[in-house]
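Visitor: task: produce atomic coordinates for the following.
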Amino acid sequence: MEQVKLSTGYKSIAIRDEDDDQVVAVLRINVADAQTADRFAHIIDQLNSISARCDAEMQNWKDSHTEDQLTTEDTGDVIKVALDINNIRVKYLKEIIAALDELFGEGTIQNIYGDIVPDETALFEFVEQVIPVMNNLFGRRFEQVKKRYNTGRKGGRK
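Guide: A predicted model of the protein is given here:
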């Protein structure tokens, strides 16, 4: 049987726990998909937008409450204020998780962090760590394409 070997474009990115260096998840990204780089760039923009919308909603929430409501000594009210603010944060954190799962595959963030909603620090650390890896993968793919389709190669002339 004849065989053909092709590069499918799928690359794996191992996510390791910084404490014990164990692989906790493996991301698969298709660098042959011309839209993947655009989707990744869009997610970076989306993260900034989500963060700004979260800040705006929190500010609106604070503006709609009196100073007495925000600085109350009543334990029940203090808990309610904290829960209201946290619910706003969680809503936007879930949007960020959904955007990342859309790019890297459903359940990516859960596979990395477990069955929790990771905070902003964890999610932005993940993105900051992945950006250089993605840039490297797409840079290598670009160089491969450039080499393959260089008009100076034999057979590239008419």
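Visitor: C-alpha only now, for contacts and for neighbours.
Guide: Noted.
Visitor: residue ranges with poor pLDDT in the chain?
Guide: Scanning the chain for pLDDT under 70 picks out 142, 144-146, 148-158.
Visitor: so Arg28 sits in a strand?
Guide: Yes. Counting by DSSP: H, G, I helix; E, B strand; the rest coil, Arg28 is located in a strand.
Visitor: return the backbone torsion pair for the spatially most central residue of the chain.
Guide: Compute the mean C-alpha point of the chain, and by CA atoms, centre = their mean the closest residue is Leu100, 3.8 Å away. Backbone geometry at Leu100, expressed as degrees, to the nearest 10, gives phi -70, psi -40.
Visitor: got a list of what it touches?
Guide: Contacts for Leu100 (CA atoms under 8 Å, 6 or more residues apart in numbering) come out as Ile43, Thr108, Ile109.
Visitor: contact partners of the helix or strand where the last one lies?
Guide: Ile109 is part of helix 108-113, with elements assigned from DSSP states H and E. Counting by CA under 8 Å, 6+ apart, the neighbours of helix 108-113 from elsewhere in the structure are Ile15, Val24, Ala25, Leu27, Ile97, Leu100, Asp101, Ile116.
Visitor: max pairwise distance over the residues you listed: which two?
Guide: Leu27 and Ile116 (18.7 Å; CA to CA).
Visitor: have a look at those two and say which one is more surrounded.
Guide: Shown here are Leu27 and Ile116; by other CA atoms under 10 Å, Leu27 has more neighbours (16 against 9).
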